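1. Starting from these lines, generate the structure:
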Amino acid sequence: MNWNDYYMEQAGGGDYNTFKGSLYQRGYGLGGTFKRFFNWIVPLFKQNALPLIKQGATAVGKEALGTVANIAKDVVDGKPINESVQENANTAISNLKTKAEKVLTGKGIKRRRSKKKIIILKKSNKKRKIEDIFSNAD
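-> Numbering: from 1, shown residues only. Take a look at the predicted model:
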């Protein structure tokens, strides 16, 4: 029996001397790892960071409009534009710093704590804590 002919017939016959892989890639690979990471990080970003970014953008916009108005007022009053821009920019930056410090003080993302089981003993009427060795230790 000629083994080459046997395997060629299994492969569909003909002169197939090279390997032919699948038409498309199957499996998760490296892309699956990134997908799981983004499925975890995107909801956290939307829930925690996006509102702060929106709030910061509105604060910067309002401060910029106020600064431009103050510069225009100073120029109309006869003050040189360079001095007015420098003064008002410094005050705007310090105002934005104080606003950011007020907003960004926090405790981070809250985590869920596991509840400990409490069993009431009928004979002595005392409460006894039972801790599971497999539960998360706090």
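
2. Now for this structure: which helix has the highest residue count?
-> With residue count as the measure and DSSP state H as the assignment, the chain has helix 50-77 as its longest helix.

3. Give me the buried positions along that helix.
-> In terms of neighbour count (16 or more other CB atoms under 10 Å), helix 50-77 has its buried residues at Glu63, Thr67, Asn70, Ile71, Asp74. Just so you know, the C-beta spots here come from the backbone N, C-alpha and C atoms, and that holds for glycine as well.

4. Next: stretch 3-10.
-> By neighbour count with 16+ other CB under 10 Å, stretch 3-10 contains no buried residues.

5. Using CSV, list the CA coordinates for that stretch.
-> What follows is the C-alpha trace of stretch 3-10 in CSV, where atoms were taken according to Å, rounded to 0.1, in the frame of the first residue of the first chain:
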residue,chain,number,x,y,z
TRP,A,3,0.7,5.8,2.0
ASN,A,4,1.2,8.9,-0.1
ASP,A,5,-1.7,7.9,-2.3
TYR,A,6,-3.8,7.0,0.7
TYR,A,7,-3.3,10.4,2.4
MET,A,8,-3.7,12.3,-0.9
GLU,A,9,-7.1,10.6,-1.4
GLN,A,10,-8.1,11.7,2.2
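
6. all strands of this structure, in order?
-> When secondary structure is read from DSSP state E, the chain shows strands at 117-120, 127-130.

7. and the gap between Ile94 and Phe34?
-> Actually, residue 94 is Ser rather than Ile. In this structure, Ser94 and Phe34 are 41 Å apart, going by CB to CB, to the nearest Å.

8. For this structure, give me the ranges with low pLDDT.
-> 11-21, 25-28, 106-110, 114-138 (pLDDT under 70).

9. rerun at 90
-> 1-53, 55-56, 59, 96, 99-138 (pLDDT under 90).

10. And the helices in it?
-> Counting by DSSP H, the chain has helices at residues 3-10, 29-44, 50-77, 81-104.

11. Remind me what the third one packs against, helices and strands.
-> Which is helix 50-77. Helix 50-77 makes packing contacts with helix 81-104 when contacts are defined by 3 or more CB pairs under 8 Å, 6 or more residues apart in numbering; DSSP states H and E.

12. No more questions from me, cheers.
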